[in-house]
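K.L.:
Give me a 3D structure for the following:
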Amino acid sequence: MRAWLALLMGLVFGAGLSLSGMTSTVKVLGFLDVLGDWDPDLAFVMGGALLVSLSATPWIITWVRPLLADAFSLPATQSIDRRLITGGALFGVGWGLWGYCPGPAVASLAYGYQSTLIFCVAMVLGMWLAGKLHLITSRLND
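P.N.:
Predicted coordinates for the structure are as follows:
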């Protein structure tokens, strides 16, 4: 039952991304072009998401556990380290070059574009490689 609810929520999330224009690389790149022909539409999408998150999170974390998981997955640390900065920079560069971040990229697979499939395969390979490199470096530091 949890898997079906998670799938339904993922589909609703993907539909929201699509309806808001977040799956359009042209729209996203227009939003990121603050010195050119800037398109502010996605600022309103992100602002709406931020308002929902800021209002719902304090209430939700008072629950014993999430609805579809055994425990909350909250960050273990609040420090800003080299790994966080590097990951954020790579995310930003990828988003700026292509116009996708992971959620909208996966949602855009529904359109059937070969370029989106290539992006998603490269993204998954990059995530896998980052995990392997993290394991290697953590073993070297031990």
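K.L.:
where along this structure do the strands fall?
P.N.:
With DSSP state E, there are no strands along the chain.
K.L.:
low-scoring stretches of it, by residue?
P.N.:
Counting by pLDDT under 70, the low-confidence segments of the chain come to 142.
K.L.:
can you map out the helices along it?
P.N.:
2-20, 25-32, 41-60, 82-98, 102-108, 114-141 (DSSP state H).
K.L.:
export the ones you listed to a markdown table and tack on distance to S73?
P.N.:
Bear in mind the C-beta positions are built from the backbone N, C-alpha and C, glycine included. Converted to a markdown table, the helices of the chain look like this (distance: least, CB to CB, whole Å):
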| stretch | distance to S73 |
| --- | --- |
| helix 2-20 | 14 |
| helix 25-32 | 27 |
| helix 41-60 | 13 |
| helix 82-98 | 16 |
| helix 102-108 | 16 |
| helix 114-141 | 16 |
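K.L.:
So for F72, which of those helices sits nearest?
P.N.:
helix 41-60 (8.6 Å; CB to CB).
K.L.:
I'd like to know which elements that closest one is packed against.
P.N.:
The elements that helix 41-60 packs onto, with contact taken as 3 or more CB pairs under 8 Å, 6 or more residues apart in numbering; DSSP states H and E, are helix 25-32.
K.L.:
Give the other helices and strands that the helix it packs on contacts.
P.N.:
Using 3+ CB pairs under 8 Å, 6+ apart, the elements in contact with helix 25-32 are helix 41-60, helix 82-98.
K.L.:
With distance to V121 and mean neighbour count as new columns, can these be given to me in CSV?
P.N.:
Below are those laid out as CSV (distance: least, CB to CB, whole Å; neighbours: other CB atoms under 10 Å):
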stretch, distance to V121, mean neighbour count
helix 41-60, 25, 11
helix 82-98, 13, 12
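K.L.:
could those be laid out in CSV, adding distance to A122?
P.N.:
Shown next, in CSV, are the helices and strands packed on helix 25-32 (distance: least, CB to CB, whole Å):
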stretch, distance to A122
helix 41-60, 23
helix 82-98, 9
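K.L.:
All set, thanks.
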